[in-house]
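J.: Sequence and predicted structure are below.
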Amino acid sequence: MTIAGIVLAGGQSSRFGKPKMFETYKEKCFYEYSVEAFKANSLSPIIIATNQGLLPHFKRDDEVEFIIEQKSESHQGPLFAMHHAMTKVDAEWYFILSCDIPFVTSEFVKKMISLAQGSSYDAIVPIQSDKVHPLLALYHQRSLPKMKKLLDQDIRKIRVFLNEINVLQVSFSADAEVFVNINRQEDMLYL
Ligand SMILES: Nc1nc2c(ncn2[C@@H]2O[C@H](COP(=O)(O)OP(=O)(O)OP(=O)(O)O)[C@@H](O)[C@H]2O)c(=O)[nH]1
């Protein structure tokens, strides 16, 4: 089973006010927590999906590749960015991690990967207290055509995409911190 790890790190961070992937928690950039959780599970390749403007600010790392959205492709949202990166890398499964979740752990990634083994689902998505987290999830290569069809219709909502594919929802307890997602400056108080 081949699994590519993709860190989505090319958003506008408009609510946060500055590029949040480079915000630090315990002296490490947010995006580095995602990269480390992939490395600890020996995922290969590990990819950062970003754009030209942000690229120079990432640390160079021999184990990490970049997929760059050109001007016309940048800021098109997570569904577009996922599809863009997934079509550029050949793998059976794609583990997507959003760059703004500093509490993501290698144990979380490991548990999700164990569920992909031999799975016939199109996606494996965590759920906590009725909230699904599609940007910390696994997508099978076979989900790509449905993704493309929606994007061709200019439909960008991941919720719509999830309704069209066969999803295994994985429940996590309400106190699991993995899903703390930083969108605004005030969310930093959770750290
Ligand atoms: N590569 C890439 N990543 C994206 C894009 N849009 C969003 N993301 C990433 O997807 C994740 C969730 O993004 P959001 O927080 O919803 O959006 P954002 O643009 O980062 O922030 P806001 O402007 O405040 O909505 C973050 O990790 C973003 O970096 C995009 O166009 N390209």
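T.: Cool, the structure landed.
J.: just to confirm, which helix or strand has the residue nearest in space to the middle of the chain in it?
T.: In the chain, the residue lying closest to the centroid (C-alpha atoms, centre = their mean) is Leu97, at 2.4 Å. Element membership of Leu97 [criterion: DSSP states H and E] is strand 93-98.
J.: in its sheet, what does that strand sit against?
T.: strand 3-8 (parallel), strand 136-140 (antiparallel) (DSSP bridges).
J.: Burial-wise, tell me which of those strands comes out on top.
T.: Most buried of these, by mean neighbour count (mean count of other C-beta atoms under 10 Å): strand 3-8, with a mean of 25. Any C-beta I mention is one placed from the backbone N, CA and C, and that applies to glycine too.
J.: Would you mind putting the strands paired with strand 93-98 into TSV with mean pLDDT and distance to Phe179 alongside?
T.: Output for these, formatted as TSV (pLDDT from 0 to 100; distance: least, C-beta to C-beta, whole Å):
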stretch	mean pLDDT	distance to Phe179
strand 3-8	98	15
strand 136-140	98	7
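J.: Using JSON lines, please lay out those strands together with distance to Ser171.
T.: Listed next are these as JSON lines, based on distance: least, C-beta to C-beta, whole Å:
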{"stretch": "strand 3-8", "distance to Ser171": "22"}
{"stretch": "strand 136-140", "distance to Ser171": "13"}
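J.: Alright, I will stop here.
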